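J.: fold the following and give me the result.
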Amino acid sequence: WESLGEMLRSRATDNYPPLYFLALRAWTALFGAGAAAVRLPSVIAGVALVPLLWWLVREVGRPLGAGAGARLLAATLAAFSPVLVHYSLEARPYTLLWALAVGVLLFLYRFLQREESRDLVAAAGLSALGLGVHYFAVLLAPAWGVAAWAARGRRGRVPAAAGRALLPVVVWVWPHDAPA
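T.: So this is what the prediction gives:
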């Protein structure tokens, strides 16, 4: 691996934010840089995606009367999806992004159901991590918009809290290689 400074400079012009690669650097310092060790974080994220999806379907399906069959179907489809299996074997941030995205949707939905601040904080934290590993996490913005719209009239808690929680994220992804 190159030095930390060189890695951060090269990531500034790369297609990905640096968080995944910083984490991978720490991971390889602990577990080595062999092919299996480098791919293991993606495998772990892919495996974590299955119960996260199960949990999301449980939460969303409860008011709809969806039972254990719907949860099992969602988890099985995720576990055996050729796309998810393929990207779980890549040393890239894709499966981590998917797991984080499912987590964001889960906690936004839970916030709308229970109005507990910790769910909103969890969604904001996972959104920030998502934007730290892949720029496509910005596509979660419509989910935040739907949550804000659905929560309208609830003392403005969602828009205000989302704005405060996501402000550091905006600063993080703002073009940082622009000329000074």
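
J.: what's the helix or strand for Val57?
T.: Following DSSP states H and E, the helix or strand that holds Val57 is helix 35-61.

J.: any idea how far that helix is from the chain center?
T.: Distance, stretch centre to chain centre, for helix 35-61: 11 Å (Cα atoms, centre = their mean, to the nearest Å).

J.: quick check: mean pLDDT across stretch 19-33?
T.: When pLDDT is averaged along stretch 19-33, the result is 90.

J.: for it, buried residues please.
T.: Leu19, Tyr20, Phe21, Leu22, Ala23, Leu24, Trp27, Thr28 (16 or more other Cβ atoms under 10 Å). (C-beta placed from N, C-alpha, C; glycine too.)

J.: closest one of those residues to Ala99?
T.: For the buried residues of stretch 19-33, the closest approach to Ala99 (Cβ to Cβ) belongs to Tyr20, at 12.1 Å.

J.: dihedrals phi and psi, that closest one?
T.: Taking degrees, to the nearest 10, you get phi -60, psi -40 for the backbone angles of Tyr20.

J.: surely it touches Pro93?
T.: Yes: using Cβ atoms under 8 Å, Tyr20 is in contact with Pro93, at 3.9 Å.

J.: now for those two: what residues contact both?
T.: Common contacts of Tyr20 and Pro93 (Cβ atoms under 8 Å, 6 or more residues apart in numbering): Val133, His134.

J.: about what we covered before: show me the buried residues of stretch 19-33 that map onto strands.
T.: Assigned to strands by DSSP state E, none of the buried residues of stretch 19-33 qualify.

J.: who's in contact with the residue nearest the centre of the chain?
T.: By Cα atoms, centre = their mean, the chain has its centre lying nearest to Leu100, at 2.0 Å. Going by Cβ under 8 Å, 6+ apart, Leu100 touches Leu126, Ser127, Leu129, Gly130, Val133, Ala137.
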